[in-house]
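Q: Next input, structure requested:
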Amino acid sequence: MPTDAQRACFEAGIKFGSLYHQFAGTPVSPDSARSLERAIAEAIENQPYCESVTVDVLDDAIADAIEHEHGYAELTGRFMEVEMRIRYEGVLVRTRMEMEGGYPLMRLVAVEGE
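A: Next up is the predicted model:
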């Protein structure tokens, strides 16, 4: 049987998988970034055990990536930073997604209350 800490970490992984694969490829521009941040956070916060989600779409990186007259880029991990707090039973898991070596790395920051 998994421990509460293991279950909380599993739940964090499920939420990151959902977040990334649901929203990757979404058209985004600096003008639409705030609404997309809210939509992503609110969608993921609907899932069980999710206490909070913070999404920061990086406007400068989006603006630099726009290569055509239509004025948008496709959302990938290199254009956003994400933090989540997952609470399962008495365990709080804090997570973060950020670029490392050209890859959007999703990691555990802390597991509290094991």
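Q: What separation do you get for the closest residue to Gln47 other than its chain neighbours and Asp64?
A: Leaving aside its sequence neighbours, Gln47 sits nearest to Lys15 (Cβ to Cβ, 6 or more residues apart in numbering; 5.7 Å). All C-beta atoms are positioned from the backbone trio N, CA, C, and that covers glycine. Taking Cβ to Cβ, to the nearest Å as the measure, Lys15 falls 28 Å from Asp64.
Q: more neighbours, the two?
A: Ranked by neighbour count (other Cβ atoms under 10 Å), Lys15 and Asp64 place Lys15 first, with 23 against 11.
Q: for the more buried one, what are its contacts?
A: Contacts for Lys15 (Cβ atoms under 8 Å, 6 or more residues apart in numbering) come out as Ile44, Gln47, Cys50, Val53, Met84, Ile86.
Q: doesn't the fifth one fall inside a helix?
A: No: using DSSP: H, G, I helix; E, B strand; the rest coil, the secondary structure at Met84 is strand, not a helix.
Q: That one and Ser52 touch, don't they?
A: Yes: when contacts are counted by Cβ atoms under 8 Å, Met84 is listed as touching Ser52 (7.0 Å).
Q: Distance from the chain centre to the one helix or strand Arg38 maps to, please.
A: Element membership of Arg38, judged by DSSP states H and E, is helix 33-45. Mean-position distance between helix 33-45 and its chain equals 9 Å (Cα atoms, centre = their mean, to the nearest Å).
Q: Can you pull out the residues in contact with that helix?
A: Outside helix 33-45, the residues touching it (Cβ under 8 Å, 6+ apart) are 15, 18-19, 22-23, 26, 28, 50, 52-57, 59, 62, 75, 80, 82, 84.
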